[in-house]
Every structure is written in structure tokens, then in C-alpha cells.
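Undergrad: okay, sequence plus prediction incoming.
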Amino acid sequence: RISYLTRMNFIARMFSSLLKMERNVTDIEDIVDSLDDTGMKSIKRHVLPRKLRRRKAPDGECHVTSSVESNIPALERIYVKTWGCSHNSSDGEYMAGQLAAFGYSIIDDAESADLWVLNSCTVKNPSEDSFLNATKKALELNKRVVLAGCVPQAQKDHKVLKGLSVIGVQQIDRIVEVVEETLKGNSVRLFGSKRQNGRRLGGAALSLPKIRRNPLIEIIAINTGCLNNCTYCKTKLSRGDLASYQPEEIVARARQSFEEGVREIWLTSEDTGAYGRDIGLTLPDLLNELVEVIPEGAMLRLGMTNPPYILDHLEEMAKILAHRRVYSFLHMPVQSGSNSVLADMKREYTVAEFKHVVDFLKQRVPGITIATDVICGFPTETSEDFQGTVDLVRDYKFPSLFINQFYPRPGTPAARMKRLPTEVAKQRTREISKLFQSYKPYDHKVGERQTVLVTEEAHDQQHYVAHNKFYEQVLVPKDESLLGHKIDVVIVSATKHSMEGKLSNALHVPHSPLPPPLTAGEVSGLADTQRQENILVRKQGRQWTIDGPFVRTSLQLLLMCIMSLVVIFYW
């Protein structure tokens with residue numbers, strides 16, 4: 001005879017085995033989900049399951065949508081909308097590329113999409129308002145929504161985010177997971193930064209799949225964040241402190257891009273001039289490596305930089321900007337012509353230092369284009385301060401000038417300053433705009449012969465857009481055979497913002513053969529066979545997730561039967 005306690009102990013061990021079996025099955029799901037090659041981890045701890053939701057159909061009937069739907073990627077359509085800078089544009093391209101790589105259809109028709117990915121910008125009020133309005137519209141249309149970009153990253157408690165899926169700016173390599181969970185009816189909040197050995201990284205890997213908005217142009221983020229703490233800027237709240245990518249990763253991405261037919265690379269970040277200071281390198285160190293891999297017929301464009309970090313490398317920067325495969329173009333915001341205002345903005349340079357950079361580069365790189373920004377109506381700006389900005393613009397006649405009326409951005413120190421009267425800020429903005437419109441930077445170039453690189457269609461849809469060595473815009477005839485080529489043109493007319501070129505007798509400038517670009521919507525860095533494998537893995541993962549409860553229940557019933565027989569036998 002077996003004692004009662006012994007029998008109970010045996011039964012308890014059997015139930016323990018049953019529970020262990022269930023846990024193992026759950027682990028198998030995680031193993032299946034980890035089979036993809038993007039290095040993504042499980043996000044279950046970030047998922048907030050939703051209750052069943054009633055959706056009103058067009059015919060007025062109500063349908064219940066469960067949180068355990070079976071979603072086949074090939075049948076699901078995703079709309080990706082991006083606002084803001086080129087860094088944000090690159091993030092949007094990466095998110096679209098990863099989703100397409102796993103079988104989702106990326107479409108431009110928002111209303112026919114199953115889910116919207118809205119990639120936001122927080123630099124200015126209008127762009128943020130547009131993003132918030134788009135979010136509300138998506139919800140009105142009963143669309144699933146994933147919010148991305150700088151707005152949710154900087155304002156994690158924003159009321160619009162409540163109950164919606166959100167992905168942080170450094171987590172874009174996990175967009176597929178977030179979209180999958182959102183399509184199931186769950187809400188995901190995924191923030192945090194990428195780190196390696198305790199050091200913050202520039203962000204998601206540059207080798208990820210992407211869909212370029214323009215197959216001829218590759219945007220490469222060389223770092224994220226910055227070293228400044230400008231009092232008016234909200235981007236710092238979302239992108240954080242400086243974190244640079246390693247040069248070899250950037251160069252590898254550039255090589256891959258040229259192999260895929262890219263003709264123009266844009267280097268981007270919140271401040272390209274600060275690149276490398278967190279990893280013991282400088283911007284010239286990176287650029288000297290990059291120019292070695294740019295083929296003939298292709299060009300490199302440097303992104304926005306602040307004056308303090310160019311001052312240390314003027315000689316090296318002049319040599320690089322004069323390189324025949326680098327545009328002689330630099331975007332360097334001055335923001336104000338007053339040292340007092342610059343100090344209140346915490347810009348960390350003086351007007352004299354800005355002028356020194358401009359004068360030096362103009363002397364060493366003849367014809368260079370310097371683009372800049374000004375803010376009108378900063379809270380501490382006096383009439384004398386504003387006059388300094390007017391004088392600066394009048395003296396240098398910047399061909400490209402971004403004029404911004406001051407708007408207080410929530411969470412910034414400048415938002416707590418007493419504002420100038422709105423009419424004063426508007427009047428100053430109008431005055432600077434009038435001055436900018438008073439001069440014609442390109443009239444003297446009519447009749448010149450220039451070599452230009454043709455990269456995209458113009459807004460008027462009647463011309464193609466090309467750029468000369470100084471990144472000045474030249475409109476050329478809309479002939480598809482010109483796209484992606486350097487051609488010789490004669491400038492026949494000029495406007496405030498561009499020139500028009502007529503083809504010269506020598507159509508194409510001799511250059512080494514370049515591969516054809518990817519087709520529109522094609523995924524960069526992904527063979528079709530790999531895409532099909534990704535889709536198969538995802539389908540298998542979903543199928544297991546759907547069938548998992550059934551499998552576990554079956555195993556439980558089988559074990560219970562065995563246990564019952566054993567108990568009866570021992571009894």
C-alpha cells in the first residue's frame with residue numbers, strides 16, 4: 001500500500017510537469033519569433049493587450065474585432081507618412097523597408113491602408129500639429145496606428161498617445177514587431193536607446209533594409225543628437241546627446257548604396273559638425289574615408305552643421321568641400337546677428353566666429369554656397385539685436401535663407417521666457433523676408449556652361465531637378481534618359497531660387513559606368529529570395545501563435561489522461 005501523502009506528492013509532481021510543458025511551449029513561440037535576421041527581441045513586456053473592440057461597418061452593423069486575429073503580411077497594407085528633416089526621412093525609409101522585407105505592402109493611399117505609421121517632427125508647431133491631426137484622422141477612419149519620430153519621444157505622456165502604439169527614434173529596427181502586435185489589437189510602447197558596452201550608439205544599424213523615396217538618393221545618418229543645449233530647441237529632448245556611428249559602418253552603407261545605383265549621398269544628423277567627438281574622431285576623419293569610395297558620376301552632400309565644430313577644422317573642411325565629388329555647399333545656421341541673443345540661445349559662438357567661417361570657406365572654396373537660418377522675434381531680441389541680423393543678411397546675401405518666426409516649444413527654456421508681442425515678431429519676419437527677396441543670386445550666371453547631376457522630378461512636373469557643383473538648383477528638360485546622369489547645360493534663365501538649363505551639344509559628361517538604380521519601392525539590401533524567406537518565417541510564427549493554445553490544451557488533456565491511469569493503477 002502507498003500512503004496517502006505519497007500519492008498526493010506524486011500527483012503534484014505530475015501537475016508540475018504539466019505546467020513545465022506549457023512553459024516550454026510558450027518558449028518555442030519565442031524561438032520561432034526570433035528566427036528573423038533583424039536581431040529583434042521579444043517585446044511582450046511592452047505589449048498592452050486590448051479588450052475586444054466593436055467596429056462600425058459602413059452598413060451600420062457592428063463587428064467585433066478580436067486581439068487574436070490572423071494577419072497574413074502579404075495581404076496587409078501599410079501607409080508610412082514622415083514629417084521633418086532628412087534624418088527623419090531616413091528613419092521613415094528604414095521602417096518602410098523593414099515592413100516590406102517581411103511581406104507588408106507599402107502604399108501611398110492612406111484610406112485603403114490597414115495601418116498607418118506616422119513618423120513625426122517636433123522642430124516647429126505646424127509640423128507637430130499636422131502630425132496630431134493625421135493621428136486623429138486615422139482614428140476617425142478606424143485605422144490601426146503606430147506613432148514614431150520626435151513628438152512621442154520628446155512627450156511620452158502626450159494625451160494623443162494614450163492607448164496607441166508608439167516606437168522610439170532609436171527602436172526603428174523593431175517596427176515589424178510593433179506593427180504585428182498593433183494589428184492584433186494590442187498597444188505597444190517601445191522607447192529606450194541602443195547601447196554597447198555602456199556607450200550609447202547612434203541608433204539602429206545602418207545595414208537595415210530600406211525603401212528610398214528617391215532611388216537615386218541615399219540618406220545616411222552619421223550620428224544622432226548633439227552637444228548643444230539651445231534654449232529654443234525641442235529636438236534635443238527627443239534625439240538626446242551626441243552618439244556617433246563608427247566610420248566603417250557609414251562607409252559600408254555608402255558602398256552598398258553605390259552598388260544599388262545611388263548617385264547622390266546626403267550625410268545627415270542634428271549636427272554633422274559634431275560627428276565623432278564622442279568616439280575620439282572628427283568629421284574630416286570620416287569624410288576623408290568616404291570620398292575614397294564615391295565613384296565618378298556620383299556626389300556627396302554634407303548636412304547641417306553648427307559653427308563651433310567647424311572652427312576647429314577649417315583647413316581640412318575646405319579641402320573636402322573643394323573635392324570634385326563633393327558638393328561645395330554648407331548649411332550652417334546663424335540664427336541671429338546679435339551676440340546677446342546668441343548667448344541667450346546658448347549657441348556657443350559669436351557673430352564674428354560665424355563670419356570667420358564663412359569668409360574662410362568663400363576664400364578657399366570659390367563659389368561655395370552657404371545656406372543659413374535666422375529666428376525672428378526671440379524673446380530677448382531688441383530692435384538693435386534684430387538690426388544686427390538684418391545687416392548680416394544684407395552683407396552676405398545668402399542664396400538660401402530659412403526664415404523662422406519664433407514659436408515657443410513646450411519643455412524648452414525659451415518657452416518660459418516672456419514673449420515679444422506677436423505683431424513685433426511678425427513684422428520682423430516680414431522685414432527679413434522682404435530683404436531676402438530683394439536680391440537675385442543667380443542672374444549673373446545666365447550664359448554659363450555648367451555640369452549638373454540630374455536626380456528627380458521638379459514640383460511643376462514639367463522639368464527634372466539637377467544640381468551643379470555648388471548644389472544650386474538647375475531645371476532641365478524632362479527626359480527620362482537624363483535621370484541619374486551628369487550632363488552639360490547652358491544656363492538660359494534664372495529665378496530667385498533656381499536656374500534653367502538648356503542641353504549643350506555634349507549630352508553626357510564622360511564618367512565610369514554606374515549600376516542602374518533600384519526601381520521605385522524596391523527594398524535596398526534585400527534579395528527577393530530573402531524576402532520570401534522572411535514572409536515564410538513570419539507566417540510560421542503567426543500560425544504557431546494561433547495554434548499554440550490548441551496544441552497546449554491537447555497536451556494537457558493527454559497528460560491528464562495518463563495521470564488518471566497512473567493514479568488509478570497506484571491506488
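TA: Thanks, I have the structure now.

Undergrad: tell me if I'm right that residue 230 and residue 236 touch.
TA: Yes. In this structure, residue 230 is within contact of residue 236 by Cβ atoms under 8 Å, at 7.2 Å. Yep, even glycine has a C-beta here, placed from its N, CA and C like the rest.

Undergrad: flag the shaky bits of the protein, pLDDT-wise.
TA: Within the chain, the ranges that satisfy pLDDT under 70 run 1-74, 505-512, 527-561, 563-564, 566-571.

Undergrad: stretch 440-454: end-to-end distance?
TA: With Cα to Cα, to the nearest Å applied, stretch 440-454 spans 23 Å between its terminal residues.

Undergrad: just list the residues touching residue 335, thanks.
TA: The neighbourhood of residue 335, defined by Cβ atoms under 8 Å, 6 or more residues apart in numbering, consists of 341, 342, 345, 347, 373, 374, 375.

Undergrad: could you do residue 236 as well?
TA: 225, 226, 228, 229, 230, 270.

Undergrad: now do the same for residue 88: helix, strand or coil?
TA: For residue 88, the secondary-structure state derived from DSSP: H, G, I helix; E, B strand; the rest coil is helix.

Undergrad: just the CA trace of stretch 139-150, in PDB.
TA: Provided in PDB are the C-alpha atoms of stretch 139-150 (Å, rounded to 0.1, in the frame of the first residue of the first chain):
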ATOM      1  CA  LEU A 139      -8.600  57.100 -35.500                       C
ATOM      2  CA  GLU A 140     -11.700  58.600 -37.100                       C
ATOM      3  CA  LEU A 141     -11.200  56.200 -40.000                       C
ATOM      4  CA  ASN A 142     -10.800  53.200 -37.600                       C
ATOM      5  CA  LYS A 143      -7.200  52.600 -38.700                       C
ATOM      6  CA  ARG A 144      -4.600  50.900 -36.700                       C
ATOM      7  CA  VAL A 145      -1.900  53.400 -35.800                       C
ATOM      8  CA  VAL A 146       1.800  53.300 -34.900                       C
ATOM      9  CA  LEU A 147       3.300  56.600 -33.900                       C
ATOM     10  CA  ALA A 148       7.000  57.300 -34.400                       C
ATOM     11  CA  GLY A 149       9.500  60.100 -34.500                       C
ATOM     12  CA  CYS A 150      10.400  63.000 -32.300                       C
END
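
Undergrad: quick one, what contacts residue 304?
TA: Contact analysis of residue 304 by Cβ under 8 Å, 6+ apart lists 268, 269, 270, 271, 272, 331, 332, 333.

Undergrad: just give the nearest non-adjacent residue to the fourth one, would you?
TA: Going back to what we said before, that points to residue 271. Leaving aside its sequence neighbours, residue 271 sits nearest to residue 226 (Cβ to Cβ, 6 or more residues apart in numbering; 4.2 Å).

Undergrad: surely the one you found meets residue 243?
TA: No. Here residue 226 lies out of contact with residue 243, judged by Cβ under 8 Å, at a distance of 9.9 Å.

Undergrad: as a check, name the ranges of all strands in the stretch 201-350 of the chain.
TA: If you assign secondary structure with DSSP state E, counting those that start in this stretch, the strands in the stretch 201-350 of the chain sit at 217-221, 223-224, 243-244, 264-268, 299-301, 329-331.

Undergrad: buried ones in stretch 325-341?
TA: Neighbour-count burial for stretch 325-341, counted by 16 or more other Cβ atoms under 10 Å, picks out 325-339, 341.

Undergrad: just those now: which is nearest residue 383?
TA: Of all these, residue 338 has the smallest distance to residue 383: 10.5 Å, by Cβ to Cβ.

Undergrad: please enumerate the helices of the stretch 201-350 of the chain.
TA: Residue ranges of the helices in the stretch 201-350 of the chain, as given by DSSP state H, counting those that start in this stretch, are 235-239, 247-259, 283-290, 307-310, 314-321, 339-345.

Undergrad: okay if I get these as JSON lines plus distance to residue 494?
TA: Compiled in JSON lines, the helices of the stretch 201-350 of the chain are given as follows (distance: least, Cβ to Cβ, whole Å):
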{"stretch": "helix 235-239", "distance to residue 494": "34"}
{"stretch": "helix 247-259", "distance to residue 494": "32"}
{"stretch": "helix 283-290", "distance to residue 494": "31"}
{"stretch": "helix 307-310", "distance to residue 494": "29"}
{"stretch": "helix 314-321", "distance to residue 494": "23"}
{"stretch": "helix 339-345", "distance to residue 494": "33"}
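
Undergrad: which one of those lies closest to residue 392?
TA: For the helices of the stretch 201-350 of the chain, distance to residue 392 was read as Cβ to Cβ. The smallest value, 11.5 Å, belongs to helix 339-345.

Undergrad: just the CA coordinates for that closest one, please, in CSV.
TA: Listed in CSV are the C-alpha atoms of helix 339-345, where the atom choice follows Å, rounded to 0.1, in the frame of the first residue of the first chain:
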residue,chain,number,x,y,z
ASN,A,339,25.9,88.2,-29.7
SER,A,340,23.5,89.0,-26.9
VAL,A,341,20.7,86.9,-28.4
LEU,A,342,23.1,84.1,-29.4
ALA,A,343,24.2,83.9,-25.7
ASP,A,344,20.5,83.7,-24.6
MET,A,345,20.0,81.0,-27.2
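
Undergrad: report the distance from that helix to the chain centre.
TA: For helix 339-345, the separation from the chain centroid amounts to 30 Å (computed by Cα atoms, centre = their mean, to the nearest Å).

Undergrad: how about stretch 122-132?
TA: The answer for stretch 122-132 is 15 Å, by Cα atoms, centre = their mean.

Undergrad: buried set for that stretch?
TA: By neighbour count on 16+ other Cβ under 10 Å, the buried set for stretch 122-132 is 122, 123, 124, 127, 128, 130, 131, 132.

Undergrad: secondary structure added to those, as CSV?
TA: Below are the buried residues of stretch 122-132 laid out as CSV (three-state DSSP):
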residue, secondary structure
122, coil
123, coil
124, coil
127, helix
128, helix
130, helix
131, helix
132, helix
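
Undergrad: just put those in TSV and tack on distance to residue 429.
TA: As requested, the buried residues of stretch 122-132 are arranged in TSV below (distance: Cβ to Cβ, whole Å):
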residue	distance to residue 429
122	21
123	17
124	13
127	18
128	19
130	20
131	23
132	24
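
Undergrad: how about the residues you listed, which pair is most distant?
TA: Maximum pairwise distance in those, criterion Cβ to Cβ, is 14.5 Å, between 123 and 132.

Undergrad: and the helices in the stretch 351-500 of the chain?
TA: Using DSSP H, counting those that start in this stretch, the helices of the stretch 351-500 of the chain run over 351-364, 383-396, 422-437.

Undergrad: the first one packs against which elements?
TA: If I follow you right, that is helix 351-364. Counting contacts by 3 or more Cβ pairs under 8 Å, 6 or more residues apart in numbering; DSSP states H and E, the secondary-structure elements packed against helix 351-364 are helix 307-310, helix 314-321, strand 369-376, helix 383-396.

Undergrad: ok, 7 Å please
TA: If you count contacts as 3 or more Cβ pairs under 7 Å, 6 or more residues apart in numbering; DSSP states H and E, helix 351-364 packs onto helix 307-310, helix 314-321, helix 383-396.

Undergrad: again with the last one
TA: Contacts defined by 3+ Cβ pairs under 7 Å, 6+ apart place helix 422-437 against strand 369-376, helix 383-396, strand 400-405.
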